[in-house]
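# Next input, structure requested:
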Amino acid sequence: MPTIDDEVLPVTPSDEATPFIFKPENRANSLFKTFLYPTQGGIAQPNLAGELRGLYGTPGALAWHPEWSEYLASRPPAKTHWGVDIYAPVGTEIVAVCNGELSYAQQANGLGLYAKLRFTVAGKIYEFHYGHLQAKNGETRSVLKGDVVGYVGCSGNAGVDGICATIPPGLGFSSAHVHFALLPPQTAGAPKRSNPLTVLGWTLAQPIKPAML
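As a prediction, this is how the structure comes out:
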């Protein structure tokens, strides 16, 4: 049974609409400082922002389910995934995807150490959340797009499968990832999540399934 690494929240309504779309000059091209994103065995594509996490399971019982990493994915047992899981090895630098106000929080049973990037569009306040960090970079402050906000890790419930911090034998990657979510303004009747990929104009790659899985 996979670990569900979403934020611990009440049941949320479905995504109703994309609230806005960033202009290219106002957003980063990916979560990563490097030009090409980390891969799970394939070749990074310059026009894509990253890869979906592919690996789930436990040592000796690994499974390949990148579809579980997508926004609004249905995961057992009957749970909706309210963000996207973007693959990256532990320790990878991740950056602010737009200008905003950076802070950090802890959620032991969910996202672990996570970064919160708050920004305003048309007078409304939104937040990006970056979950399961290994470490933060600095403290609460204003940041510009491209500034490093933290480092990929296995905090919260991402590491309980035993294949996050440690690369499994025979594989060149693990289940390490960033749980990336967008929170619209929390008002009555409003959706509690929107698709961060649509807002940023990003597309993620479907990773190549390893031959041994």
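
# before we move on, what SS does F180 have?
strand (DSSP: H, G, I helix; E, B strand; the rest coil).

# Name whatever forms a beta bridge with it.
Counting by DSSP bridges, F180 is bridged to V84, Y130.

# Please apply the same query to A205.
In this entry, A205 is beta-bridged to E51, by DSSP bridges.

# Can you list the low-confidence ranges for this protein?
Applying pLDDT under 70 to the chain flags residues 1-17, 188-191.

# can you give me the strands in this protein?
With strands called from DSSP state E, the chain shows them at 50-51, 55-58, 61-64, 74-75, 79-80, 84-87, 93-95, 100-107, 112-121, 124-136, 141-143, 148-152, 177-183, 204-205.

# Each with direction, which strands does the third one pair with?
What that stands for is strand 61-64. By DSSP bridges, strand 61-64 pairs with strand 55-58 (antiparallel).

# Same question for the fourth one.
The sheet places strand 74-75 alongside strand 79-80 (antiparallel), with pairing taken from DSSP bridges.

# buried ones in stretch 36-51?
Y37, P38, T39, Q40, A44, A49, G50, E51 (16 or more other C-beta atoms under 10 Å). Any C-beta I mention is one placed from the backbone N, CA and C, and that applies to glycine too.

# From the rest of the structure, what touches that stretch?
Residues from elsewhere that reach stretch 36-51, judged by C-beta atoms under 8 Å, 6 or more residues apart in numbering: 29-32, 35, 54-55, 66, 86-89, 92, 172-173, 197, 200, 202-208, 210.

# how near is the spatially closest residue to D147 that is not a sequence neighbour to Q40?
Using C-beta to C-beta, 6 or more residues apart in numbering and skipping the chain neighbours, the partner closest in space to D147 is A96 (4.9 Å). With distances taken as C-beta to C-beta, to the nearest Å, A96 is found 25 Å from Q40.

# just to revisit the earlier point, what subset of the contacts of stretch 36-51 is buried?
29-32, 54-55, 66, 86-88, 92, 173, 197, 200, 202, 204-205, 207, 210.

# hang on, the earlier thing: burial measure for the residue nearest to D147, as a count.
For A96, the neighbour count with other C-beta atoms under 10 Å is 25.

# got it, and K23?
8.

# do the same with the one 4 residues further on
Other residues near R27 come to 19 when the count uses other C-beta under 10 Å.

# from memory it sits against L200, does it?
Yes: using C-beta atoms under 8 Å, R27 is in contact with L200, at 5.2 Å.

# Mind listing the shared neighbours of these two?
Contact with both R27 and L200 is made by residues V97, according to C-beta under 8 Å, 6+ apart.

# for stretch 129-147, the distance to its chain's centre please.
13 Å (C-alpha atoms, centre = their mean, to the nearest Å).

# for stretch 83-101, that is, sorry about that
Put simply, stretch 83-101 sits 7 Å off its chain's centre (C-alpha atoms, centre = their mean).

# hey, C-alpha coordinates of it in CSV?
Output of stretch 83-101 as CSV, limited to C-alpha atoms (Å, rounded to 0.1, in the frame of the first residue of the first chain):
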residue,chain,number,x,y,z
GLY,A,83,-0.7,18.5,-5.7
VAL,A,84,1.9,17.1,-8.1
ASP,A,85,4.9,15.0,-7.1
ILE,A,86,7.9,16.1,-9.1
TYR,A,87,11.0,13.8,-9.0
ALA,A,88,14.4,15.0,-7.7
PRO,A,89,17.2,13.3,-5.7
VAL,A,90,17.6,14.2,-2.0
GLY,A,91,19.6,17.4,-1.6
THR,A,92,18.6,18.9,-5.0
GLU,A,93,18.2,22.7,-4.9
ILE,A,94,14.7,24.0,-5.6
VAL,A,95,13.8,27.6,-6.4
ALA,A,96,11.0,30.1,-6.1
VAL,A,97,8.8,29.8,-9.1
CYS,A,98,7.8,33.5,-8.9
ASN,A,99,8.5,36.6,-6.8
GLY,A,100,6.9,36.4,-3.4
GLU,A,101,7.2,36.1,0.4
